[in-house]
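Participant: Provide a 3D model corresponding to the input given below.
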Amino acid sequence: METFELIIFLLIIIAALAHLSRNVRVPYPVLLVVAGLCISFIPHLPRIRIPPELVFVIFFPPLLYPAALFTSWRDFRANLRAILLLAIGLVLATSTAVALVAHHLIAGLPLAAGFVLGAIVSPPDAVAVTAIADQIRVPRRIIAILEGESLVNDATALVIYRFAVAAVIGGSFSASAASGMFLFVSAGGIGVGLASGWIVSHIQRRLNDPPIQITISLINPFLTYLIAERCGFSGVLAVVTAGLFLGWRVPEIIGPTSRLQIHTIWEMVTFLLEGFLFLFIGLELPDIIQTISGRWLKFGGYVGAMVATVILVRILWVIVATYVPRLLIPAVRKKDPYPDWRHVTLIAWTGMRGADSLAAAIALPLVLPNGSPFPGRDEILILTFCVIFATLVLQGGTLPMVIRWLGIKGDNLDDKEEHIARTKANNAALAFLAQPEVKRRYDSDIIERLRAEYLDRLRELEICGSAGCGEEPEFAPGFDDLEREALTIERRMIIALRNEGAINDDALRSIQRDLDLAEARLDGPV
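Facilitator: Numbers count the residues shown, from 1 in each chain. Below is the predicted model of the structure:
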């Protein structure tokens, strides 16, 4: 019963933090990591123990899958070279640097355990990046690179993590054998992900039942992950690949009702899992802190060294990976000219770690097969938390100031493309209504009524285009405000009719859903 009550308590905290983050305009991940630290000081809280072997299955598939599902494949492919340099090259460089620093600083920590720590703290977190960047307008390419990096780097880091943990358990490590296995498990994971995406897309296309389609969407990442892992491949890479594949196909295979609900459901799943991860570490910290009591000064040096390593390696790597290939290879320079130095600086500074690193740390085995404790597990856990805390607060907290200092502005490409697409879509609908076949099948009054609605939409788009919508596009703002007030009057009326007994609750909910969808259209995409 204590565990159930604690879960309810944590849910209340998660909801309160989300509300607070919107009011004080502090990124939600920053508040989560602070809350996790504060919880560690609450006495007599019961502990929730999740078996380490279940952490990967419970947390990684549902955290990575929606990030891949809602990624823009076009932007991902257009920035693939930059993404892979960060997601593979930088992860390998950071893991190696952290491993060497940790091995030399922390007495008794094997090099393999150092690589475990390096793999855990090397990948920046997609949700942490987007949660902070969503509050600030920056060029779309920067967001595409950061999101793409955060999507793929987990797969790279977790493959390194797997081999490093196996080396700790087995007591030996072969770089050549690990390189071959890295390619094998990566290729196998991609293959499983493509197969999973292809099969699920054909199943979803034949269904027209939103609850079943949503259930399949929720099951797919777990099933894909488990199949890939059972085959000895990378489950994380399989989940990411399946998500990217299905993200491209979803607009064609999923009905409108399911699409509206899937996005909201996955948003809620990610929100709750991230919240629980940060608060779980707060429940773990008191026991871990006891193991380092009396070593605070020395351990503070470890934390400073780890934070400095992950930040400096990223800055150096981004500078080298950006300029050296263009300097040495004319073909690269011609295809992708030197970027704005301010954009390079911003990408180098956005290395926030988040829930993915936390989940990997919590998933470490408690003991080795011979019964001895996993070497350095407590140190790895608290160092991971400290790196997350420092990067979120230091880099995430200063990101708005850095962007203002650099003078970076949003390019509004999404708004411009959306405007063009809406205009073309409405013109296509008008051309359809003018076809002789349509005029034969439908009454002219119905056609004219719908035609007038499309013409009104085009007039709104023309107003927006001529006014230069800017950063906050509005289509006839007075009309939108008036429509919101009219929708509120409609809601009041149907509720009054329900209260009077003139309609039942089913009729109320049916009409209310239409009104909610109409208001959601005014508010824009969620």
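Participant: Please count neighbours and contacts with C-alpha atoms only from this point.
Facilitator: Noted.
Participant: Can you name the next helix or strand after the least confident helix or strand in the chain by mean pLDDT?
Facilitator: Taking mean pLDDT, DSSP states H and E as the measure, the chain has helix 126-133 as its least confident helix or strand, at a mean of 58. Toward the C-terminus, helix 126-133 is succeeded by helix 140-170 as the next helix or strand (DSSP states H and E).
Participant: From the contact counts, what lies against the helix or strand that that following helix is followed by?
Facilitator: Once helix 140-170 ends, the next helix or strand along the chain (criterion: DSSP H and E) is helix 175-205. Helices and strands touching helix 175-205, as assessed by 3 or more Cα pairs under 8 Å, 6 or more residues apart in numbering; DSSP states H and E, comprise helix 140-170, helix 210-230, helix 235-253.
Participant: Give the rounded mean pLDDT of helix 175-205.
Facilitator: Model confidence over helix 175-205, given as mean pLDDT, is 85.
Participant: Name the residues of it that come out as buried.
Facilitator: Buried positions in helix 175-205, judged by neighbour count with 16 or more other Cα atoms under 10 Å: 178, 181-182, 185-197, 200-201, 204.
Participant: how deep is the closest residue to residue 374 other than its chain neighbours tucked in, by neighbour count?
Facilitator: The shortest distance from residue 374 to any non-neighbouring residue, by Cα to Cα, 6 or more residues apart in numbering, is to residue 367 (4.8 Å). Using other Cα atoms under 10 Å, residue 367 has 13 other residues around it.
Participant: do the same with residue 225
Facilitator: Residues near residue 225, counting by other Cα under 10 Å, number 27.
Participant: OK, contacts around it?
Facilitator: By Cα atoms under 8 Å, 6 or more residues apart in numbering, the residues touching residue 225 are 57, 61, 234-236, 238-239.
Participant: give me that answer again for 10 Å
Facilitator: 56-57, 60-61, 189, 192-193, 196, 233-240, 242 (Cα atoms under 10 Å, 6 or more residues apart in numbering).
Participant: For stretch 398-407, give the mean pLDDT please.
Facilitator: Across stretch 398-407, pLDDT averages out at 84.
Participant: got the buried residues for that stretch?
Facilitator: Using 16+ other Cα under 10 Å as the test for burial, stretch 398-407 gives 399-400, 402-403.
Participant: rewinding a little: if the residue nearest to residue 374 is in a bridge, with which residues?
Facilitator: The partner list for residue 367 in beta bridges (DSSP bridges) reads residue 373.
Participant: Now do whichever strand or helix holds residue 519: distance to the chain's middle.
Facilitator: According to DSSP H and E, residue 519 maps onto helix 505-523. In terms of Cα atoms, centre = their mean, to the nearest Å, the gap separating the centre of helix 505-523 from the centre of its chain is 29 Å.
Participant: and it, what does it pack onto?
Facilitator: Secondary-structure packing of helix 505-523 (3 or more Cα pairs under 10 Å, 6 or more residues apart in numbering; DSSP states H and E): helix 477-500.
Participant: Name the residues of the helix it packs on that come out as buried.
Facilitator: Buried-residue list, helix 477-500, by 16+ other Cα under 10 Å: 484, 487, 491, 494-495, 498.
Participant: Next: stretch 500-520.
Facilitator: Within stretch 500-520, the residues that count as buried by 16+ other Cα under 10 Å are 508, 512, 515, 519.
Participant: which of those residues lies closest to residue 456?
Facilitator: Minimum distance to residue 456 across the buried residues of stretch 500-520 is 17.7 Å, recorded for residue 519 (Cα to Cα).
Participant: ok, and the closest non-adjacent residue to the closest one?
Facilitator: residue 484 (6.7 Å).
Participant: about what we covered before: next one, pLDDT for the residue nearest to residue 374 please.
Facilitator: 86.
Participant: Which residues are in contact with it?
Facilitator: Per Cα under 10 Å, 6+ apart, neighbours of residue 367: 169, 373-375, 377.
Participant: and the residues you listed, which are buried?
Facilitator: By neighbour count, with 16+ other Cα under 10 Å, the contacts of residue 367 hold 169, 374-375, 377 as buried.
Participant: ok, the residue sitting furthest away from the middle of the chain to residue 454 distance?
Facilitator: Distance from the centre of the chain peaks at residue 440, with 49.1 Å (Cα atoms, centre = their mean). To residue 454, residue 440 is 20 Å away according to Cα to Cα, to the nearest Å.
Participant: Equivalent analysis for residue 266, please.
Facilitator: Per Cα to Cα, residue 266 is found 32 Å from residue 454.
Participant: go on, residue 36?
Facilitator: Noted for residue 36: a distance of 51 Å to residue 454, by Cα to Cα.
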